[in-house]
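K.L.:
Have a look; sequence and predicted model below, questions after that.
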Amino acid sequence: MNTGMIAASLGLLLYIEAACLVPPLLVALFYGDGDSPAFIVAILATVVSGFAARARKIERHDIYPRDGFAIVGLGWLLASLYGALPFWASGAMPSAVDAIFESVSGFTTTGASILRDIEVLPKGILFWRSFTHWVGGMGVLVLMIAIIPSARANTFNIMLAESSGPSTDKFVPKVGRVARILYAIYGLITLTQVSLLFAGGMPLYDSFIHAFGSVGTGGFSNKNASVAAYDSLYLECVVMFFMAISGVNFTLYYSLFRRDWRPVRTNEELRLYFFIIAASTALVAINTGALYGSFAEALRRASFQVVSVITTTGFATANFDSWPAFSRSVLLFLMLAGACAGSTGGGLKCVRLLLLARAAKREFVKIVHPNAVYVVRLNGRAVDDGTLSGVLVFFFMYVSVVVIAALVVSLDGTDLVTSSSAVLSCVGNIGPGLGGVGPIGNYAGFPPFCKATLSLCMIIGRLEIYPILLLCSPPFWSGKRT
Amino acid sequence: MKVIIIGDGNVGYNIAENLSRYGNDVTIIDKNAESRRKALENLDIRYVKGNGANASVLIDAGVRSTDLLIAATSGDEMNMVCCLIARRLGTAHIVARIRDPEYADELSGIQEDLGLDMVINPERAIAREIARLLAFPPAIGVETFANGRVQMVEIKVLSGMPIANKQLMVISRNIYQPILIGAILRGDDVIIPNGGTVLLEGDVIYIVGRPSNVFRFCTLIGIQIRRIKNVMIIGGGRVGYYLARLLDEMGIGVKIVESAYERCVTLAEALPEALVINGDGADDSLLRSESVGEMGAFVSVTDRDEVNLMTALLAKRLGVPKVVAKISRADYANLLGDIGLDNIVSPIAVTANYILRYVRGLQNAEGNTVNSLYRIIGDKAEAIEFTANESAKMIGIPLKELRLAPGVIVVIIVRKSKVIIPHGDDCIELHDSVILMTKGLEPTDLNDIILSSDAPVFQHPAVVPIPPFASMKGSA
């Protein structure tokens, strides 16, 4: 374990976070709601901590996978803690646990809130709350790699640990360029959405908040009623479209940018993703048709909610908790499924579902033809057994985390639907669940230990299990390697 | 003609044998002492010991004055290097065997870049032949001419058929289809038929015509043609691989049995639609557990003739309706008429056909090009396709006025997209593709089929240029 390098990287990360706190400070100064001192305190604290972490001399610059995982795991914990400072210092959330929950929920792009009334909060705080979505969506550490001028080859290990999906592609040779390209695409999509929302009559401030929420697939709004507050079909469509495209693997946009259509056409995950969206929308619209009176109205509510849940955003235009059981079950499945690998969305990811289904098919073939040699393939290429068993283990771990966390949360005595959907929603980084944590409810009612558990769930889910669980495993820390 | 063959393996030896038999000067380059002994004992050739990619060895073999160099060593890369060097030393024509599937898709590019005149891929050629057989299950053999516009199908006459024991003239009156029976194989004899020829039970007839007409003729004479839906292939070598790809394109389900696990993985990765089974194709219980009896066809194409033969017999006993075996050794192929296999395919024969067609074309560089050449069992007769160009002497002359050499009939004339079954008043025109059936004559040029004017006039009874179905000149 290269502690010097880890500390230095974490210090750098804190600098980046301090820089990220500057835009909300400017917003706070602009609106003058009295929350700017909180940001100044937070920036100072972050910079000082970062400086302290970088005080030690670095002996070796190598980052091995283990170090990468440690940097990512610790980095996210630190970023969330320091990100909670403005909430706490401004007095918007007097309880430290609440502030941390909100900050974690922001960075992990979950969008679960403990706030009962959002609209009373100062504008700077709300901006920071949504801005964490944007930073956390693509990854704080990817941002770090994009910014530092000479990212070393081994920083790819950091990127691997932070990116979502079973495998990450280096589509250009230099890791720094990969990160910069991803952020460039990300920024471009965000600005496009901001202008489209603004053009549709949404105030500029709200446009930024909702663009951060949809492109980061987070789901924080500055309205209590979420997107439904605007009651505009155009705005809903814009938000829905950007949620949907943010659930797509970002490397595909890079190939589009290079006018290379082949990866897009042959991507099976993409096909599955849009198929699930279409099929679920149709099912839910038919199922809720009676509730909304007309099919068109049902289709409008259903499509928005389906996209919002599968991309793990969590915006709401309807109280889907009052939908029929079948529709709610569909939404529960979507919470589990999640978006595409390499996107800003969470959940299991469609590609894993695809591989799991194909691994299952292989077992069937193996029974009928015991001697068959059957290769699981994805996008026309064979998937090696290592990746496949990785996916199987990941699925097991994911389910285990959900089950254990649900056990802990149910200690509080809330009903089963609320507690289990809350856990599923947090691990999948969606935000709203069903029952007490549905679109009109929130997480305020949970006792502190539940909030802490759910916060941990969100980070575990965002980092795809391993970085956080590794931090808790003794062998990860022992065994010096010099 | 002077020919150098590099590589004295199965294919090299067979090509040398064929070419030297037709009077060419053949030099073989190889390093193997054993094959040298065998070649010198059996063939009338020269043998140069050495590496065919070595310039001094090639010069020693006379590469500079050679008309044709054929690189047929076991390694594709070796063959390519040989060709590069021979090209630099100034050989007139170069043919290489390149058979690795990895190169097969890039073949035309490789051919151009290396300056090859022809590339032979025996495995792919034989896979194509098997695929043609499976597309037309009742046939013993299927060949195509004129870019697939004309098909020649080999059928055995059975007792129940309405054509058995009838004169061709009678058949043509009863069954109206524009096709032609170009040759009859009776026992070991090949007969070029005329209207009066009677078909006997057990004859193998060669039906030529448009594929759709041939198909309809076959159904009319009582052959049931059922489309094959799934095929089991034993042996996942190159032939098996090419065949699986072809069958997949035809929409036929494929099961491949291969004994080497590593190869199975490669196949499974390369062939998404095929089911790859790791196991011994000669294992009775494996074949049964893979329900071989329900397969539409069974093809055994491993490296070993004996295994192919035994598995094919096993499959036949388990009730597969169509069984095809690859047999490389010519001496085995002759044994197989009696044991009940549906088809035998021979890679050597396929390769030899290719090479001979090419050599035949070279021998008349200014004449009419040979497009296709198929030899009927035992090399007794040939179906050959020429394109008529300006040098053809019979252009515009009705067939009945031509003095054709004995043992030749003009089977089909393809004019643009029109397929003509010719009768006496038809004539060959410029740029026509002419398909001939010949016996005892190996024409290298279209003009070889007409007798020169001072030769004695001889009308062979079998070559009356009025084919049996003349009354139904067809261009359907």
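P.N.:
The structure has been received and is ready for your questions. Residues are numbered from 1 along each chain as shown, chains lettered A, B, ... in the order given.
K.L.:
Give the residue spans of chain B that score low on pLDDT.
P.N.:
For chain B, the stretches flagged by pLDDT under 70 are B:330-338, B:363-368, B:377-379, B:452-476.
K.L.:
tell me the domain boundaries of it?
P.N.:
Here the domain parsing of chain B from automatic domain parsing is B:2-120, B:127-220, B:230-320, B:363-472.
K.L.:
ok now the second one, how far from the chain's centre?
P.N.:
Offset of domain B:127-220 from its chain centre (CA atoms, centre = their mean, to the nearest Å): 17 Å.
K.L.:
cool, and the third one?
P.N.:
Distance, stretch centre to chain centre, for domain B:230-320: 23 Å (CA atoms, centre = their mean).
K.L.:
what residue ranges in the stretch 51-200 of chain A score low on pLDDT?
P.N.:
A:149-154, A:165-169.
K.L.:
go again using 90 as the cut-off
P.N.:
Applying pLDDT under 90 to the stretch 51-200 of chain A flags the ranges A:53-73, A:89-95, A:111-121, A:137-183.
K.L.:
circling back: looking at the domains of chain B, which is closest to chain A?
P.N.:
domain B:230-320 (3.8 Å; CB to the nearest CB). Using the backbone N, CA and C atoms, a C-beta is placed for each residue, glycine as well.
K.L.:
didn't residue B:322 look like it was pressed against residue B:296?
P.N.:
Yes: using CB atoms under 8 Å, residue B:322 is in contact with residue B:296, at 6.7 Å.
K.L.:
Of the two, give the one with the bigger neighbour count.
P.N.:
Using other CB atoms under 10 Å in any protein chain shown as the criterion, residue B:322 and residue B:296 rank with residue B:322 on top: 22 against 18.
K.L.:
leaving aside the residues next to it on the chain, what's closest to the residue positioned nearest the centre of chain A?
P.N.:
Taking CA atoms, centre = their mean, the centroid of chain A lies closest to residue A:109, which sits 3.9 Å from it. Take residue A:109 and drop its neighbours on the chain: the residue closest to it by CB to CB, 6 or more residues apart in numbering or on different chains is residue A:218, 4.0 Å away.
K.L.:
Check the one you found and give its pLDDT.
P.N.:
For residue A:218, the pLDDT comes out at 88.
K.L.:
Same question for residue A:274.
P.N.:
95.
K.L.:
same deal with residue A:19?
P.N.:
pLDDT for residue A:19: 92.
K.L.:
where does chain B come near chain A, residue by residue?
P.N.:
Selection of chain B residues close to chain A by CB under 8 Å from any CB of the partner chain yields B:261, B:264-265, B:267-269, B:272, B:275-279, B:286, B:289-290.
K.L.:
Kindly recompute the last result at 6 Å.
P.N.:
Chain B has residues B:264-265, B:268-269, B:275-279 near chain A, with proximity defined as CB under 6 Å from any CB of the partner chain.
K.L.:
Farthest pair within the residues you listed?
P.N.:
Farthest apart among the residues of chain B next to chain A by CB to CB are B:269 and B:279. That separation is 18.4 Å.
K.L.:
burial of residue 127, as a residue count?
P.N.:
No chain in the question, so chain A it is. By other CB under 10 Å, neighbour count at residue A:127 equals 25.
K.L.:
wait, chain B
P.N.:
28.
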